[in-house]
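A.B. asks: the following comprises the amino acid sequence and a computationally predicted model.
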Number of protein chains: 4
Amino acid sequence: MARSSAQTHGAQRGLGRFEGFSDAVFAIALTLLIVEIKAPGSPEGPQGYDSLVSAMAGQWREHLALLLCYGVIGAYWLQHHYTGRIYARSDHWFSALNLLFLLAIVVVPYPIRVWCFHLGTPFEPVASVTLTAGLALTACTWMAKWFYGMPGRRIMDERLAPGFLRQMTRRYGLAALIQIAAVPLSVIQPQAGVALALLCVAYFLLPQPKPRYNPGEEPDPGEVTGE
Amino acid sequence: MARSSAQTHGAQRGLGRFEGFSDAVFAIALTLLIVEIKAPGSPEGPQGYDSLVSAMAGQWREHLALLLCYGVIGAYWLQHHYTGRIYARSDHWFSALNLLFLLAIVVVPYPIRVWCFHLGTPFEPVASVTLTAGLALTACTWMAKWFYGMPGRRIMDERLAPGFLRQMTRRYGLAALIQIAAVPLSVIQPQAGVALALLCVAYFLLPQPKPRYNPGEEPDPGEVTGE
Amino acid sequence: MARSSAQTHGAQRGLGRFEGFSDAVFAIALTLLIVEIKAPGSPEGPQGYDSLVSAMAGQWREHLALLLCYGVIGAYWLQHHYTGRIYARSDHWFSALNLLFLLAIVVVPYPIRVWCFHLGTPFEPVASVTLTAGLALTACTWMAKWFYGMPGRRIMDERLAPGFLRQMTRRYGLAALIQIAAVPLSVIQPQAGVALALLCVAYFLLPQPKPRYNPGEEPDPGEVTGE
Amino acid sequence: MARSSAQTHGAQRGLGRFEGFSDAVFAIALTLLIVEIKAPGSPEGPQGYDSLVSAMAGQWREHLALLLCYGVIGAYWLQHHYTGRIYARSDHWFSALNLLFLLAIVVVPYPIRVWCFHLGTPFEPVASVTLTAGLALTACTWMAKWFYGMPGRRIMDERLAPGFLRQMTRRYGLAALIQIAAVPLSVIQPQAGVALALLCVAYFLLPQPKPRYNPGEEPDPGEVTGE
């Protein structure tokens, strides 16, 4: 029955297709990073060096940029993957907000690279503000998705305990506020602002609390732990 | 039973695989855009500037191109995602038309970039015609898919109300006609033609009407809203 | 039950994961093509032209290469998608042969571009042999997958009628032989060899016969037509 | 029931989404390789040659790099695909370790290219150490995932026979030790170290033993062989 309906009915595949698309953007954003580093001796890479070691070491800004971009995008992917337990459905505006969030993920390597390529140069202050602003904007698009899902829990799993959702709102909201605060801080104290913003992102490499559900509405074990 | 048949039977996964492929093309097209912007100070980016701010501001054409490309491809993705409720199956020619549509999506950054890189230059008129023609061609490939699905609703969900399908045909058809009309308009009035074409695409960032079904054939709630 | 087993059992998702991976390679191969064309006026594109029209027309080799690459990879994707009905499972060596086939798909833009960039130059004869050899190698990797699946129909749908499989073996085999024959032909008559090879690929943009099954083993309608 | 729960419940799709993401990274890493080879005569490719054959042959370092990268990433994909039968679930730290492993996959083309572009030059010894170190690090991230899954088989299929898991631990562990040993060897004997490391990776292009299960816990045939 389920199969034969595939023949004549519109295709609805729950949140799955939506998340497959988002995961693909994350996967590409992470993998494209290597395209920016050209191996020494390759047609577009560094040429005419006396020592291969120093030629590779001379690319430390590219290497640092790759690691930072990977860490930032990876941390957001971990949270995006985690919230797969929280968001239960999607609608037009949630999809549109998600496109905005993915735009931030796609472009975040630009401010990160700007900072890496000006670290220790007279342009570091400006580059630091660029970096913290880029990270703060990314956090804002994340919060836009979160707050859109909140009122009446339009698109969030209705079984989740209100206390759990309040805890996550505080957690994500505080992180966004810290990253916004890092922007003016980086104007005054470039290195402190950058450190604050990056530490805040790094925090989301750590595991988040296990979702708590309303009593009697816990999903069956197979559904929850199969992540 | 369903599992053991996987062992000896050909793999059929409904429209799912088809849409997974299309979604992957969209995801890559959106993410690749960042490759075209090289951060100032990076090996291939702008060099030797006096001010980092002006170096970044000097890349405004790249930034504008990225935003426009993202908006145009994103609007088509939203509609593509939406029509997942309308198309119910696929056949060879629908797959081939879809490849043509995806070709338009893949190449649409070219006319957009041509326009962005000549805005405010003596070449703007030619660039404007290039842009409107590129957008009109993309709209035509979209309509080709739509009209192929219409006669006898070969591949559309048979439960959809005829009135709903007529409404969407008018809507998509009118948009395609406007974008075609924007081409001659951009010959006479470059900026008016471009504005008309871009507004028409931007309109599809807005939500479309909820699908209406024949009485008694509404899909069960879990099937419909799980999008 | 199916759900709770996800908790403790190894993940087996039939041919689905295997094809998802292959489809992703196809999607990326098609989308990456645009990266090779830099819009006139962009930092890496043509500069200092007197006419934008002639600057864009001057990129005709890039445009031709994109269309040819898209057509060739698209034709293989259509066949790859079609054979999703024929292949029923996978094993290690089939996966390895598939990686070889995907390698051919990934690199086929190289010989196509070599030909496009030397069309009408003194290097056209060598470029033509490069193109036909590249297409013939791709066809050979396709046949390797096919013949690996044949003996005892190790990995093909056991319900398929032997006559149908013989028909497809003849069809794919003949196409491979024609493409192999196009290599020596292109040595003698460059343009004839290229035309033969490209026409042979273009033939696979057309629909292939509907799979025929052993009497009484036809899959139920929902399973078959949901493609 | 399963469908209507999609409406209000958080999305849980077992290991599937996790592996779809990993597969996408592999697919992109394999496909991006072609971007590094510019066809002779193309705007960014070799120019002004007397013979097209020698121009293409002059790119042998790029061609070799593509084949080696494809082989190394492909071998890891085959093993990654194979262990889909072994890993049964995921948790936060497993996801994080997997991101680390994917980082190694994404960047491994860099040491491979460094080696290819210095083969037969005075820089070959340094390039050889770079290559073996890159391969050893990749093997270490693979082992980190493996050992994380071992204690108490937190995330591995609980039905697998302990003897089978011990066999695979020896096999993967020995391969990792050989690749680590290849690093000091490549300091003393560059070519021997590189050969040892590459042969060790090539070994994983071969099929691995069929998973063995505890008596009475064998998965039903449809579940196992549908890979």
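C.D. replies: Arrived safely. Numbering: from 1, shown residues only, chains lettered A, B, ... in the order given.

A.B. asks: and the residue nearest the centre of chain A, what element?
C.D. replies: Nearest to the mean C-alpha position of chain A, by CA atoms, centre = their mean, lies A:Tyr76 at 2.5 Å. Under the criterion of DSSP states H and E, A:Tyr76 resides in helix A:60-82.

A.B. asks: for chain A, give me the ranges with low pLDDT.
C.D. replies: Flagging of chain A using pLDDT under 70 yields the residue ranges A:1-14, A:153, A:220-227.

A.B. asks: can you do 90?
C.D. replies: Applying pLDDT under 90 to chain A flags residues A:1-20, A:44, A:81-93, A:149-160, A:162, A:208, A:210-211, A:214-227.

A.B. asks: so where do the helices sit in it?
C.D. replies: A:2-8, A:14-32, A:52-57, A:60-82, A:92-107, A:109-116, A:124-149, A:162-188, A:190-203, A:221-225 (DSSP state H).

A.B. asks: need those in a markdown table (columns: distance to C:Gly134).
C.D. replies: All C-beta spots, glycine's among them, are computed from the backbone N, C-alpha and C. Output for the helices of chain A, formatted as a markdown table (distance: least, CB to CB, whole Å):
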| stretch | distance to C:Gly134 |
| --- | --- |
| helix A:2-8 | 38 |
| helix A:14-32 | 25 |
| helix A:52-57 | 33 |
| helix A:60-82 | 32 |
| helix A:92-107 | 33 |
| helix A:109-116 | 34 |
| helix A:124-149 | 42 |
| helix A:162-188 | 50 |
| helix A:190-203 | 45 |
| helix A:221-225 | 48 |
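
A.B. asks: how about the helix holding A:Tyr76 as PDB, C-alpha atoms only?
C.D. replies: Below are the C-alpha coordinates for helix A:60-82, written out as PDB (Å, rounded to 0.1, in the frame of the first residue of the first chain):
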ATOM      1  CA  TRP A  60      50.800  28.500   7.500                       C
ATOM      2  CA  ARG A  61      48.100  31.100   7.000                       C
ATOM      3  CA  GLU A  62      46.300  28.900   4.500                       C
ATOM      4  CA  HIS A  63      46.700  25.900   6.800                       C
ATOM      5  CA  LEU A  64      45.400  27.900   9.800                       C
ATOM      6  CA  ALA A  65      42.400  29.200   7.700                       C
ATOM      7  CA  LEU A  66      41.500  25.600   6.700                       C
ATOM      8  CA  LEU A  67      41.600  24.300  10.300                       C
ATOM      9  CA  LEU A  68      39.600  27.300  11.600                       C
ATOM     10  CA  CYS A  69      37.000  27.100   8.900                       C
ATOM     11  CA  TYR A  70      36.700  23.300   9.400                       C
ATOM     12  CA  GLY A  71      36.300  23.800  13.100                       C
ATOM     13  CA  VAL A  72      33.700  26.500  12.900                       C
ATOM     14  CA  ILE A  73      31.600  24.800  10.100                       C
ATOM     15  CA  GLY A  74      32.100  21.400  11.900                       C
ATOM     16  CA  ALA A  75      30.800  22.800  15.200                       C
ATOM     17  CA  TYR A  76      27.700  24.200  13.500                       C
ATOM     18  CA  TRP A  77      27.200  20.800  11.800                       C
ATOM     19  CA  LEU A  78      27.300  19.000  15.100                       C
ATOM     20  CA  GLN A  79      24.700  21.400  16.500                       C
ATOM     21  CA  HIS A  80      22.700  21.100  13.300                       C
ATOM     22  CA  HIS A  81      22.800  17.300  13.500                       C
ATOM     23  CA  TYR A  82      21.800  17.500  17.200                       C
END
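
A.B. asks: could you say what helices and strands it packs with?
C.D. replies: Other helices and strands packing on helix A:60-82, by 3 or more CB pairs under 8 Å, 6 or more residues apart in numbering or on different chains; DSSP states H and E, are helix A:14-32, helix A:109-116, helix A:124-149, helix A:190-203, helix D:14-32, helix D:92-107.
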